[in-house]
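>>> Pasted the sequence and its predicted model underneath.
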Number of protein chains: 4
Amino acid sequence: MNLPTKRKEMMNRLLKGQVVKTVLAMIQEGTSITMDQVAARCGVSKGTLYNYFKNKKDLLNYVHEAVITPIKKGSSKIFKKNIPPMEKIYAFVGNVFDFQREYPLYFKFIQSQRSAADAVTERMDVVIIPLVNVCREGMRQGQFMDADPYVMAAMIFGSVVGPFESLTYRDEPLQDLEKLKQEIVRFLDKCILKEQERSS
Amino acid sequence: MNLPTKRKEMMNRLLKGQVVKTVLAMIQEGTSITMDQVAARCGVSKGTLYNYFKNKKDLLNYVHEAVITPIKKGSSKIFKKNIPPMEKIYAFVGNVFDFQREYPLYFKFIQSQRSAADAVTERMDVVIIPLVNVCREGMRQGQFMDADPYVMAAMIFGSVVGPFESLTYRDEPLQDLEKLKQEIVRFLDKCILKEQERSS
Amino acid sequence: MNLPTKRKEMMNRLLKGQVVKTVLAMIQEGTSITMDQVAARCGVSKGTLYNYFKNKKDLLNYVHEAVITPIKKGSSKIFKKNIPPMEKIYAFVGNVFDFQREYPLYFKFIQSQRSAADAVTERMDVVIIPLVNVCREGMRQGQFMDADPYVMAAMIFGSVVGPFESLTYRDEPLQDLEKLKQEIVRFLDKCILKEQERSS
Amino acid sequence: MNLPTKRKEMMNRLLKGQVVKTVLAMIQEGTSITMDQVAARCGVSKGTLYNYFKNKKDLLNYVHEAVITPIKKGSSKIFKKNIPPMEKIYAFVGNVFDFQREYPLYFKFIQSQRSAADAVTERMDVVIIPLVNVCREGMRQGQFMDADPYVMAAMIFGSVVGPFESLTYRDEPLQDLEKLKQEIVRFLDKCILKEQERSS
DNA sequence: TATGAATGAGACTTCATTCAT
DNA sequence: TATGAATGAAGTCTCATTCAT
């Protein structure tokens, strides 16, 4: 790789990174994503944007990938690990808390920029189906309670992701996320594990 | 009420009903909602649409109301009833199953047509907060397990609504919704009630 | 003329009169003239309006005629009279004051509903040209000062019609229109008549 | 200022100037001003128009400013000068003749694009009220005849601006505007000044 | 004849995309 | 390669006019 190419590569990453940050900020704010606005807030011209992205859809796909990749990676790493199923659940909780900012952002992104159908599909592929498999595994190994794995997976997803949405609606604000995490883990234990398997 | 007024009233309902059906179908499909398209698919001209709705926002609000009103009504009736907390949870499950089509539609609607913030707010006000209150009530009365009520409410919501989304993703399709309902109820029993309170 | 025809004729006049009043009021208010609004304010349906007027242009023409006809009549009667030229000027002043409401209305009408060119043409035909002729007559008879008759006519028009527009802009409001009229007449005397012809 | 900015600035002026010319021509013709038509006659696309003007109102305001600014400037310069009142009147006549094209255009513009009320207000503020003040000054100094200053101002305005409108209606066309100006000045002298003040 | 719901041409405006510089 | 002016398709909305009842 020669110098100019290196330089180009750097510019490429710099700008694309800026685009991701900008678009996510705009989604957070609820402002509508126009190429004009993205260009202006990235400090480049609209034309330049089109040198880096084929079109708007391409740009949004890039942002989407940028958001989902770390989450996906974390998830797949967890679910592929050779550890007991309940450990996978704990790891999943940890992952969601680690990406406490990216998670809602990701959902906001697919909600606002993709069709509802796409949003569901993605959630299924990335989170629910793997969770279903973990539940099945846990049941097969006799550690998890018997239940419809799809119901159990939905329960897990709800219990872990849902509380983040209600954070600002609590009567008495919760400062310590660590405490919330422990609450969730304790709760999942009781809902998932057979009694004899529970530590507490 | 004289005849012409009656007739007009009927037409009014007919068209507005048609609009609701059409818009929901379009959201389902993921096609973007334009006044042109809505008019065309309702078999009327664009102008006619504007005789019935002040503007696009008004039209979407109408659809929103049409979807949310029965759900809200059902919800508030349940949560105001003077019955044991767990009965309220059962009734809530029943309500979601009764509106098995409207529920996801409703969430798709607010996701696609409103800001993400609005979507969350609505979900909070209509479902989560009442569920939180029911959980608090159950805990105070000693029937529910001790837990963070927000976590428990999120769990309930996830367990009841989530499975509908995964219906089409199941390995072996589930024909009998009644069975799913029983599964969910059984599962909620185990997650919510203290052991001595459980029937089974 | 049989009864039903008579009745029809009456309805015709009644509605058309109402339309004239309504349209003029709307022009006065500065609200935009739509067939919907005219119909509503006349207490009839839009369809009915189209039974009485071929189209909007036709309706506006009717209003125009209704406003201009009395003014025109008054004017032409004055200018055709066999009286000394200065008497015609006095009569013109009287006519403008008699139609103190209709005059500005008329000008507002042609300004808002017709092209600027039409407005000028009408003013020329109805007022300026006759005034020019009176001035010429007065000069020929040796009673009026020598001047360009078009300038003198413009002066007369300005002096008589202009003050109505400035009524609300006066430092100290003028209640008595009669006094204004005398001021104008006195002023015109000095501007138009040769000195030996002046009464005062 | 660097080259591209200079260039842009030039284009900016070129197009905006073209727009002013076009809109005034359309008003002159009596054709209705639509963004489509303005764009077409300026040889640009509708979108381009919106790159230069925020919206239609903004565009019309620009045209309005372009027409009124030179007139206003000329007027205010005259009326603020420290010269005898009659000299101000002469200067006013000169100004109107200098802007012989812009003056009627200006009035046509506000008549066709603004409410009648606005049109009157503008005429009052820009021309009549200053004239009223000059008349008062002249009367106080004993050079002008005693009269209602509002009537005298209206007379002056009518005498100076009116003849332009009747130009094309004259029996024998007047080629020499200088002659008309002298006629008007001579006429105003007789109408405004006390006899002992007149030069002729 | 009266009604007013339906119509659709046409107005204003936005914004993704192109392209000359 | 960067720029941003120009473009025009597509969207929202208004309103004069028609026509079935």
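All right, it came through fine. Numbers count the residues shown, from 1 in each chain, chains lettered A, B, ... in the order given.

>>> where do the helices sit along chain A?
Assigned by DSSP state H, chain A shows helices spanning A:3-29, A:35-42, A:46-52, A:56-80, A:85-98, A:102-113, A:116-123, A:129-140, A:149-166, A:177-192.

>>> I'd like those as TSV, with distance to residue B:196 and mean pLDDT appended.
Using the backbone N, CA and C atoms, a C-beta is placed for each residue, glycine as well. Written out in TSV, the entries for the helices of chain A read as follows (distance: least, C-beta to C-beta, whole Å; pLDDT from 0 to 100):
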stretch	distance to residue B:196	mean pLDDT
helix A:3-29	47	84
helix A:35-42	59	96
helix A:46-52	64	96
helix A:56-80	36	90
helix A:85-98	25	94
helix A:102-113	37	75
helix A:116-123	37	74
helix A:129-140	25	95
helix A:149-166	22	94
helix A:177-192	15	94
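
>>> Pick the most deeply packed of these.
Relative to the other members of the helices of chain A, helix A:149-166 carries the highest mean neighbour count by mean count of other C-beta atoms under 10 Å in any protein chain shown, namely a mean of 24.

>>> so what's residue A:56 closest to, chain neighbours aside?
Closest residue to residue A:56 in three dimensions, ignoring its sequence neighbours and counting by C-beta to C-beta, 6 or more residues apart in numbering or on different chains: residue A:35, at 6.0 Å.

>>> what's near enough to touch that neighbour?
The contact partners of residue A:35, taken as C-beta atoms under 8 Å, 6 or more residues apart in numbering or on different chains, are A:46, A:49, A:56, A:59.

>>> rerun that using 6 Å as the cut-off
A:46, A:49, A:56 (C-beta atoms under 6 Å, 6 or more residues apart in numbering or on different chains).

>>> picking up where we left off before, among the helices of chain A, which is nearest residue D:28?
Of all those, the one in closest proximity to residue D:28, counting by C-beta to C-beta, is helix A:35-42 (36.4 Å).

>>> So is the closest one next to DNA strand F?
No - using C-beta under 7 Å from any atom of the strand, helix A:35-42 never reaches DNA strand F; the gap is at least 7.8 Å.

>>> how distant is that helix from the center of its chain?
Counting by C-alpha atoms, centre = their mean, to the nearest Å, helix A:35-42 is centred 25 Å from the centre of its parent chain.

>>> cool, and stretch A:52-71?
Distance, stretch centre to chain centre, for stretch A:52-71: 15 Å (C-alpha atoms, centre = their mean).

>>> what does stretch A:142-159 give?
Chain-centre distance of stretch A:142-159: 20 Å, with C-alpha atoms, centre = their mean.

>>> ok, now stretch A:60-72?
The chain centroid and the centroid of stretch A:60-72 are separated by 9 Å, computed with C-alpha atoms, centre = their mean.

>>> can you list the helices of chain A in JSON lines and add distance to residue C:29?
As requested, these are exported to JSON lines (distance: least, C-beta to C-beta, whole Å):
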{"stretch": "helix A:3-29", "distance to residue C:29": "42"}
{"stretch": "helix A:35-42", "distance to residue C:29": "40"}
{"stretch": "helix A:46-52", "distance to residue C:29": "45"}
{"stretch": "helix A:56-80", "distance to residue C:29": "46"}
{"stretch": "helix A:85-98", "distance to residue C:29": "62"}
{"stretch": "helix A:102-113", "distance to residue C:29": "44"}
{"stretch": "helix A:116-123", "distance to residue C:29": "48"}
{"stretch": "helix A:129-140", "distance to residue C:29": "66"}
{"stretch": "helix A:149-166", "distance to residue C:29": "51"}
{"stretch": "helix A:177-192", "distance to residue C:29": "62"}
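
>>> out of the ones you listed, nearest to residue C:174?
Distances from residue C:174 to each of those were compared by C-beta to C-beta, and the smallest falls on helix A:35-42, at 56.2 Å.

>>> what angle sits between that closest one and helix A:3-29?
Direction vectors for helix A:35-42 and helix A:3-29, defined by axes from the mean of the first three to the mean of the last three C-alpha atoms, to 10 degrees, enclose an angle of 110 degrees.

>>> Please work out the angle formed by the directions of helix A:35-42 and helix A:56-80.
In terms of direction (the same axes, to 10 degrees), helix A:35-42 departs from helix A:56-80 by 70 degrees.

>>> Residue A:158: which of the contacts of residue A:35 is nearest?
Within the contacts of residue A:35, proximity to residue A:158 (C-beta to C-beta) peaks at residue A:56, which comes in at 33.3 Å.

>>> Spit out the contact partners of the spatially most central residue of chain A.
In chain A, the residue lying closest to the centroid (C-alpha atoms, centre = their mean) is residue A:103, at 3.7 Å. Shown in contact with residue A:103 (C-beta under 6 Å, 6+ apart): residue A:96.

>>> Check the gap between residue A:167 and residue B:133 for me.
Here the distance between residue A:167 and residue B:133 works out to 17 Å (C-beta to C-beta, to the nearest Å).

>>> ah, wrong one, I meant residue A:178
The span separating residue A:178 from residue B:133 equals 26 Å under the rule C-beta to C-beta.

>>> again, but for residue A:133
Distance, residue A:133 to residue B:133, using C-beta to C-beta: 35 Å.

>>> just residue A:112 next, same as before
Counting by C-beta to C-beta, the gap between residue A:112 and residue B:133 amounts to 30 Å.

>>> Nearest residue to whatever residue of chain A ends up closest to chain D in space, ignoring adjacent ones along the chain?
Of all residues in chain A, the one sitting closest to chain D is residue A:36 (11.1 Å; C-beta to the nearest C-beta). The shortest distance from residue A:36 to any residue that is not its chain neighbour, by C-beta to C-beta, 6+ apart, is 6.1 Å, and that residue is residue A:46.

>>> ditto for residue A:96
Once chain neighbours are set aside, the closest to residue A:96 by C-beta to C-beta, 6+ apart is residue A:160, at 5.2 Å.

>>> what residues does stretch A:67-79 touch?
Stretch A:67-79 is touched from outside by A:88, A:91-92, A:95, A:99, A:106, A:109, A:126, A:130, with contacts defined as C-beta under 6 Å, 6+ apart.

>>> And stretch A:85-99, by the same measure?
A:71, A:74, A:78, A:103, A:134, A:137-138, A:160, A:181.
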